[in-house]
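Asker: any chance you could fold what I've pasted below:
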Amino acid sequence: MNPWHFVAAAYLVAICLAGGLLGWSFASMRRAELAADSLKRK
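Answerer: Alright, predicted model coming up:
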């Protein structure tokens with residue numbers, strides 16, 4: 001049985017999840033910056 005298909009699939013899953021985590025953290029950072037800016041304006 002050739003293990004390289006499983007290795008490639010594992011890398012693909014890891015890269016996709018890392019990209020999702022990056023996008024989620026970036027969106028969370030942007031929301032926090034907007035909340036901090038709204039407190040400064042008041």
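Asker: where does the protein dip in pLDDT?
Answerer: 42 (pLDDT under 70).
Asker: for residue 16, give its distance to residue 40.
Answerer: From residue 16 over to residue 40 the distance is 37 Å, taken as C-beta to C-beta, to the nearest Å. Quick note: C-beta positions are derived from backbone N, CA and C, even for glycine.
Asker: which of these two has more neighbours?
Answerer: Each of residue 16 and residue 40 has its neighbours counted (other C-beta atoms under 10 Å); residue 16 has more, 10 against 6.
Asker: what's the helix or strand for that one?
Answerer: helix 4-41 (DSSP states H and E).
Asker: which other helices and strands does that helix contact?
Answerer: With contacts defined as 3 or more C-beta pairs under 8 Å, 6 or more residues apart in numbering; DSSP states H and E, helix 4-41 has no helix or strand neighbours.
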